[in-house]
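S.K.: I'd like to go over a predicted model; first the sequence, then the structure.
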Amino acid sequence: MNPQSTAEADAELVVRAGASIASGMADHDGDLVADDPVWRDVDPALPELDGDERLVDGGGEAGLRSEPTSLTANGDEVIELDARRGVADRRRPMNRVGVVALARPTFDVEFAEEVAAAAFAVLDGVAPGWRGPRRLAYDVAATEATLGQLPIDELDALVVLQVTFTDATMTDAIDAAVAMPPIYWAFPEDRTGGRLRLNSLCGLNLAAFALRRRGRHLHHLYRSVDDPVTPAELAALLDGAGLDRAGLDGAGLDQAGLDQAGLDRAGLDQAGPDRAGLDRSGVDQPGLDRSEAGRAAPSAPCPQRDPTPGRHRNRGPVTDGQRAADRAAATLSQSTIGVIGDHPDGFDPCHYDPVVLEQLTGATVVRAELEDLFRSADAVTGDAVATVRSRVAAALDAVDDLDRDALDRSLRLYCGLRQLATAGGWAGLTTRCWPECFTRYGAAACGPQAMLADDGIPSGCEADVYGAVTSVVLRELAGEPPFVADLVHLDADDDTGVFWHCGVAPLHLADPTAPARAAVHSNRGLPLLHAFPLKPGRVTIARLSQSSGRHRLVVGGGEMLGAPLPFAGTAGVVRFDVSTRRLLDTIVDEGLEHHYGIVYGDHRSSLRALAELWGLPVVELTDPGRSGENPVR
């Protein structure tokens, strides 16, 4: 079929869909069809649509006429079908928009309430009559109470204000109550060099992981409340969400019985096998379907692994990247990863299955309890603490400004972690660092874990085992432990982002032109944390991922810039190899984890070779054109 006839066929399909709605034949979920009482009349000026009419006038692309076809509801224009572009535009009363505002009380509550109030004001202009309380929900119970006040079955759209970081337990509550794809609105904050007051972007990241892992979709907006383009972008998202309920999505055809590829929803999804019991990698995904509410976060299925070094698809000369991948894979297959405690509730990316992980990488995961760590820390002698204190004072400014007892408790945690790692032969470790290290032991584990990384033992937060495995791989490729961080800010104006974590970056990553300081946790007020900007240079970004319910390897790159510390703790400003808008689209659409491993140098070819060795597809974070070139074997 030539391009013109293809375009004409697409236009005919749109016209037929419009004709079906007009004749009352496209009832989707019983909502907004022509023979429903909400529909009063059809514009008499419309040409007759009999399902066979082609628009072949000379205007528009491929010789198609570009005049729109309109339908009305109660006298108000509701749907506009553009046969030339194959898209639909829907304008409707906005009192069918529900709003839920999420926040966490450990962040800047006063600032969060100011942001929420301003967001409510934007919604007043864009969607007058929206439904929902004008207050923040700080936990699951409050989220469920808010949802209970909404007429869920009558809504065209649900807007979730991700005002601060929250864990996925609140996302789970929303997902259990609402079938439509929600619109998550996250909020940038100024890079002041002070406390990260909202961390809203990371909350969006975590929500996307939770939803996409269950095969659920979401829309997203990352704009400040005073950005002049925010109302228009929010209105566009609301229009697209409303089309889902009207029988047509923003692509023009979804939910009208046909998806974007023209495949029947009864058995095939956009990619083909999904929703018929198979994920996109072809591996059965029990436990991820909506019939079980998708609450669990099971480990991703494991592809068959060929552990033989050098077994790459490339039959030519072995490349340097392949040799490096072989070495990293061999080291990891003989490694033991220590995990101390459970990951925090709602941190789904930190879930792991040790059997599945060993099948994929050969690495063994050994678990210890927080009580083991605390006992080990308590057993440290005063002389040992004094020795470590001298090391810290020589490396960091402002140590004398810290509370001495709390500092010594943090240094005991370092000694306890070091003893457990040495005794267990751990190649890397990860700890449930909060809240118990603060609330039960009275000190932060952030600085101690950074010190372990400087000792050559990659260490990370939140009992993130896959982050620890990624760290061991990156250490082998780069020759030094990485920084595992959250992506907390994006600036579309200069296409930069900020990787940050409380204060867990090792000192060897510090910018030598800026002071490295001892600090307290911005939300908990306890030491020891590192505080410095990261040094400039080329960086590689990576993650062994379970996103979207399957194992993949995330690979990206960028340039770490010489810049002032953007937020308190350890952080760096990165200019990515792709625009920040496209980067965020990839993160949300793929549902990636909120932790990213960062090392200096360009190790992307080695990581791609490692993915090939393990039989994993690659998610190209900053080079989307390469995605899919390494399919599951």
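M.R.: Yep, that arrived.
S.K.: could I get the pLDDT score of G60?
M.R.: Looking at G60, its pLDDT reads 31.
S.K.: err, R524, not the other one
M.R.: pLDDT for R524: 89.
S.K.: just grab the bridge partners of Q162 for me.
M.R.: L102, A186 (DSSP bridges).
S.K.: which ones are touching it?
M.R.: Neighbouring residues of Q162 by Cβ atoms under 8 Å, 6 or more residues apart in numbering: 102, 184-187, 200, 203-204, 207. The C-beta positions use only the backbone N, C-alpha and C, and glycine is treated the same way.
S.K.: can you do 10 Å?
M.R.: Contacts for Q162 were tallied using Cβ atoms under 10 Å, 6 or more residues apart in numbering; they are 100-103, 170-171, 184-187, 198-207, 220-222.
S.K.: also V554?
M.R.: So V554 contacts 470, 541-545, 547, 586-587, 590, 592-593, 596-597, 607, 611, 618-621 (Cβ under 10 Å, 6+ apart).
S.K.: just the contacts of Q162: which are in helices?
M.R.: Under the assignment DSSP state H, the contacts of Q162 contribute 170-171, 200-207 to helices.
S.K.: pLDDT weak spots in the stretch 51-200 of the chain?
M.R.: Within the stretch 51-200 of the chain, the ranges that satisfy pLDDT under 70 run 51-95.
S.K.: which stretches of it form strands?
M.R.: Remark: strands assigned in the stretch 51-200 of the chain by DSSP state E, counting those that start in this stretch are 68-73, 76-82, 87-90, 97-102, 136-137, 157-162, 183-186.
S.K.: quick revisit: can you select the buried ones from the ones in helices among the contacts of Q162 in PyMOL?
M.R.: Buried members of those, defined by 16 or more other Cβ atoms under 10 Å, are picked up in PyMOL with:
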select buried, resi 170+171+200+201+202+203+204+205+206+207
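S.K.: in TSV: the ones in helices among the contacts of Q162, plus distance to G362.
M.R.: Compiled in TSV, the ones in helices among the contacts of Q162 are given as follows (distance: Cβ to Cβ, whole Å):
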residue	distance to G362
M170	37
T171	33
S200	38
L201	35
C202	31
G203	34
L204	34
N205	29
L206	29
A207	33
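S.K.: which among the ones in helices among the contacts of Q162 gets closest to I337?
M.R.: Nearest to I337, judged by Cβ to Cβ, of the ones in helices among the contacts of Q162 is L206 at 22.2 Å.
S.K.: the closest one and A112, how far apart?
M.R.: Here the criterion is Cβ to Cβ, to the nearest Å. By it, L206 lies 17 Å from A112.
S.K.: so the closest residue to L621 other than its chain neighbours is in which element?
M.R.: Spatially, and ignoring its direct neighbours in sequence, L621 is nearest to G556 (3.1 Å; Cβ to Cβ, 6 or more residues apart in numbering). Taking DSSP states H and E as the criterion, G556 maps to strand 552-561.
S.K.: quick check: mean pLDDT of the next helix or strand after that strand?
M.R.: Next helix or strand after strand 552-561 toward the C-terminus (DSSP H and E): strand 570-576. Average pLDDT, strand 570-576: 98.
S.K.: which neighbouring elements make contact with strand 570-576?
M.R.: Other helices and strands packing on strand 570-576, by 3 or more Cβ pairs under 10 Å, 6 or more residues apart in numbering; DSSP states H and E, are helix 446-454, strand 483-491, strand 496-501, strand 529-533, strand 537-545, strand 552-561, helix 580-590.
S.K.: go again with 8 Å.
M.R.: Helices and strands touching strand 570-576, by 3 or more Cβ pairs under 8 Å, 6 or more residues apart in numbering; DSSP states H and E, are strand 483-491, strand 496-501, strand 529-533, strand 552-561.
S.K.: return the most buried member of those.
M.R.: Across the helices and strands packed on strand 570-576, averaging neighbours per residue (mean count of other Cβ atoms under 10 Å) puts strand 529-533 on top, at a mean of 27.
S.K.: got the angle for it vs strand 496-501?
M.R.: 160 degrees (axes from the mean of the first three to the mean of the last three Cα atoms, to 10 degrees).
S.K.: isn't V539 right up against L561?
M.R.: No. Using Cβ atoms under 8 Å, V539 makes no contact with L561, being 10.2 Å away.
S.K.: how many other residues sit next to P624?
M.R.: When neighbours are counted by other Cβ atoms under 10 Å, P624 registers 14.
S.K.: how about E369?
M.R.: E369 has 12 neighbouring residues, counting by other Cβ under 10 Å.
S.K.: surely it is in contact with G338?
M.R.: No. Contact criterion Cβ under 8 Å: E369 and G338 do not qualify, at 11.4 Å.
S.K.: spit out the contact partners of the residue nearest in space to the middle of the chain.
M.R.: Centroid-nearest residue in the chain: N205, 2.7 Å away (criterion: Cα atoms, centre = their mean). Going by Cβ under 8 Å, 6+ apart, N205 touches 486-487, 587-588, 592-594.
S.K.: just flag the most distant two among the residues you listed.
M.R.: Pairwise distances across those (Cβ to Cβ) peak at 14.9 Å, for the pair D486 and V588.
S.K.: quick check: the spatially closest residue to E154 that is not a sequence neighbour vs E593, distance?
M.R.: Nearest non-adjacent residue to E154, counting by Cβ to Cβ, 6+ apart: R96, 6.1 Å away. Distance check for R96 against E593: by Cβ to Cβ, it reads 34 Å.
S.K.: what about the two, which has more around it?
M.R.: Taking R96 and E593 together and counting by other Cβ under 10 Å, E593 has the greater number of neighbours (26 against 18).
S.K.: checking the closest residue to that one other than its chain neighbours next. Helix, strand or coil?
M.R.: Spatial nearest neighbour of E593, excluding adjacent residues (Cβ to Cβ, 6+ apart): P349 at 3.7 Å. Following DSSP: H, G, I helix; E, B strand; the rest coil, the label given to P349 is helix.
S.K.: any idea how far P349 lies from Q546?
M.R.: 7 Å.
S.K.: can you pull the residues that touch both of the two?
M.R.: Common contacts of P349 and Q546 (Cβ under 8 Å, 6+ apart): 466, 593.
S.K.: one step back: now tabulate the helices and strands packed on strand 570-576 in JSON lines and tack on mean pLDDT and distance to D408.
M.R.: Listed next are the helices and strands packed on strand 570-576 as JSON lines, based on pLDDT from 0 to 100; distance: least, Cβ to Cβ, whole Å:
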{"stretch": "strand 483-491", "mean pLDDT": "98", "distance to D408": "26"}
{"stretch": "strand 496-501", "mean pLDDT": "98", "distance to D408": "23"}
{"stretch": "strand 529-533", "mean pLDDT": "98", "distance to D408": "15"}
{"stretch": "strand 552-561", "mean pLDDT": "98", "distance to D408": "33"}
